[in-house]
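# The following comprises the amino acid sequence and a computationally predicted model.
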Amino acid sequence: MNYTLIAQTAKSTSTASVVPPPLILPTGAQISAFFYTFGASIVIAFVLYILLFHILRSFFRRAEKDTALFILGILQIPAIAIFIIASLKLSLSQLGSGKIINWMDRGLTAFLIAAFTYGITLLFTEAGVYYLKDYARKTEAVWDDVLIPLLQNFIPVITYLIGISLFFSTIGVDLTGIGLAIGSITVVLGLAVKDILSDFFSGLVLLVDTPFRFGDVISMPDGSIAIIKHIGIRVTKLYLINEHCEVYTPNTTLGGQNIVNLSRPTTHYAYTIQVSVRVDADAVVATKILQQIILGHPDTLGNLDEKLEHLDSFAALREAEGDQLSKKEAGRLRLLVEKDVNSQLHKIEQAFEDLVREIKKLEKGGLNSEELKTLQKNYLEILNTIGLVVITEYKGKRLRSHLEEQEQTEKKTLIGLIRQWYQAWLKDPDLVIEDQHLLPDEWEQKIELLKIKLNKLFQKLSNPGVDETRLDDYSLKLVEWLHDSFKESNTAWKEPQVQLTDIQGAAMQFSVRFYVDNIQLEHWRRGNRVQNEVRREMVRRLRQAYIYTLG
């Protein structure tokens, strides 16, 4: 066999295999088709842009809600990038095939993925989070207030990681080795950052247990008072009131503590003052004076008629300055409106109790159409006192009914009175700037929750289905929520309590316990101010009666 010939043949074959293929350039017709397609694509993209971001925008401006308009504004820049890249990719197919053309096509696909990733992330962080927070404000659940910030931090990271992976995979980068390396590094880092992971999962436990919501006032183990400002991935940010500083507590540490939430179930907070009275004084007279002092302060809880009666006798309250009302004038205005609110609430609670009795009487054996109409009529009468009306309109091809606020809510309805009440409250000269937003936000959120709950009960009464024997339970739950979470119509058990606790030498020791209406106001210092003013008034009035002693 001629081995020399075989070797030469193999060598020539090997040499021929490494010769690069000839560079195929696009023809003039292909280049013309490219520019024609690109131009047509740009024109179509421009028409779509005008349609989406100008014509539709002017149309959406007429809508009651700005959701679509807001989303259009967010997606404007990503949409321009997607239109241009898609036009180039579509036009590139006219140039035929080839190594360079294929690389350009893969590169455009990668950038198209990047544009989509950016658009989706922007849509979530700017629009999704905004509307989720708006939804969370309308619910009484606490978990969504905590979950949304966590999603706000995690979703963009996950989206970008997926987008980057797809980007590099599209341009031909093999991520298998990188994935294995990242997996190995993750194991090592997991061992190194186990404390951080512990804090993270403790944050998730706080999310599930929901012992507080943002803005709640809590008592720390060392006795300091703090405000929940933010729950992060690893730490929770707290604001210490007395020190006027922020502290970052690891979630593991916070989750292992006994958390005393001063804002729940209500923002009312109890204070106790110890006071000494001369031992030869009449204990009954001393008790009466101390009760009148507490009732006379406009910012404490108690019988409203008695508070209005003793308001003028409370000295050393803030006087009128400029356009502001005096503390007594603002307090009297607020108490008078609150009296109307409580009266209306009491009527509504009584009406619901009558409705529950009617339901229990009629639901035996099931409800027929006439009985349902009777219940609906009684319920509509309650809704009128609250300030809601039934709106019936077509949604698609079906006729739907739902509750809406009256266009001009009457002042004597519950919703109208609530708004009058917090508007009167805003005239309090002791409030700070933040309170001008805190009070309306708090009560408008409660009004929205009230409308949602009443709407749900309305739908149940309109079409009870399998729940026809549970309508009384739904009504009772609504009444409980009104009293416990919306506003108490009667706070008799929160009226001031004065007790003679001890007699030592020449002094009788009295313990005075009272509630302040809202400890979140005045930058969380309202209770301290009220406590100080009550102490001063005690000294003044007991000295006037010649029965005060240093004890």
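Perfect, I can see it now.
# Helix, strand or coil: sort out Q499 for me.
With DSSP: H, G, I helix; E, B strand; the rest coil as the basis, Q499 sits in strand.
# Regarding the nearest residue to it once chain neighbours are set aside, what are the backbone dihedral angles?
Closest residue to Q499 apart from its sequence neighbours, by C-beta to C-beta, 6 or more residues apart in numbering: S511 at 4.9 Å. Where you see a C-beta, it was placed from the backbone N, CA and C, and this is true even at glycine. Backbone torsions of S511, given as degrees, to the nearest 10, read phi -110, psi 120.
# show me where pLDDT drops low in the stretch 451-551 of the chain?
Applying pLDDT under 70 to the stretch 451-551 of the chain flags the ranges 551.
# contacting residues for the residue nearest to Q499?
T272, I273, Q274, V498, Q499, T501 (C-beta atoms under 8 Å, 6 or more residues apart in numbering).
# ranges for the helices of the stretch 201-350 of the chain?
Applying DSSP state H, counting those that start in this stretch to the stretch 201-350 of the chain gives helices spanning 251-255, 283-296, 304-310, 327-362.
# Could you export these as TSV, including mean pLDDT?
Formatted as TSV, these follow (pLDDT from 0 to 100):
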stretch	mean pLDDT
helix 251-255	72
helix 283-296	96
helix 304-310	96
helix 327-362	93
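# Turn these into CSV, columns for distance to L75.
Formatted as CSV, these follow (distance: least, C-beta to C-beta, whole Å):
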stretch, distance to L75
helix 251-255, 35
helix 283-296, 58
helix 304-310, 53
helix 327-362, 45
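# Same list, the ones you listed, but as JSON lines with mean neighbour count and distance to Q531 please.
Listed next are those as JSON lines, based on neighbours: other C-beta atoms under 10 Å; distance: least, C-beta to C-beta, whole Å:
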{"stretch": "helix 251-255", "mean neighbour count": "20", "distance to Q531": "28"}
{"stretch": "helix 283-296", "mean neighbour count": "20", "distance to Q531": "11"}
{"stretch": "helix 304-310", "mean neighbour count": "16", "distance to Q531": "17"}
{"stretch": "helix 327-362", "mean neighbour count": "18", "distance to Q531": "16"}
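# Ok, which of these comes nearest S165?
helix 251-255 (29.5 Å; C-beta to C-beta).
# Counting by contacts, list what that closest one packs against.
Under the contact criterion of 3 or more C-beta pairs under 8 Å, 6 or more residues apart in numbering; DSSP states H and E, helix 251-255 touches helix 194-209, strand 235-240.
# Comparing these by mean pLDDT, which bottoms out?
Mean pLDDT is lowest for helix 194-209 out of the helices and strands packed on helix 251-255, coming in at a mean of 61.
# Pretty sure R541 sits in a strand.
No. The assignment for R541, made by three-state DSSP, is helix rather than a strand.
# and it, how many neighbours?
20 (other C-beta atoms under 10 Å).
# so who does it touch?
R541 neighbours (C-beta under 8 Å, 6+ apart): I289, Q292, I293.
# now the residue lying closest to S475 once chain neighbours are set aside: how far from L414?
Spatial nearest neighbour of S475, chain neighbours left out: V356 (4.9 Å); criterion: C-beta to C-beta, 6+ apart. Per C-beta to C-beta, to the nearest Å, V356 is found 19 Å from L414.
# Count the neighbours of L375 for me.
20.
# try I218
Using other C-beta under 10 Å: I218 sits among 20 other residues.
# right, and it touches T236 too?
No. With contact defined as C-beta atoms under 8 Å, I218 does not reach T236; the gap is 10.2 Å.
# Mutual contacts of those two, please.
In contact with both I218 and T236: I228, using C-beta under 8 Å, 6+ apart.
# circling back to that earlier point, want to try JSON lines for the contacts of S511, with neighbour count and distance to N490 as columns?
Converted to JSON lines, those look like this (neighbours: other C-beta atoms under 10 Å; distance: C-beta to C-beta, whole Å):
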{"residue": "T272", "neighbour count": "11", "distance to N490": "23"}
{"residue": "I273", "neighbour count": "17", "distance to N490": "25"}
{"residue": "Q274", "neighbour count": "11", "distance to N490": "29"}
{"residue": "V498", "neighbour count": "20", "distance to N490": "20"}
{"residue": "Q499", "neighbour count": "13", "distance to N490": "22"}
{"residue": "T501", "neighbour count": "9", "distance to N490": "28"}
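# so, if you compare those residues, which one comes nearest to W443?
Taking C-beta to C-beta as the measure, W443 lies nearest T272 of the contacts of S511, at 28.7 Å.
# okay, now the nearest residue to that closest one once chain neighbours are set aside: neighbour count?
Closest residue to T272 apart from its sequence neighbours, by C-beta to C-beta, 6+ apart: R513 at 4.8 Å. R513 is flanked by 15 other residues according to other C-beta under 10 Å.
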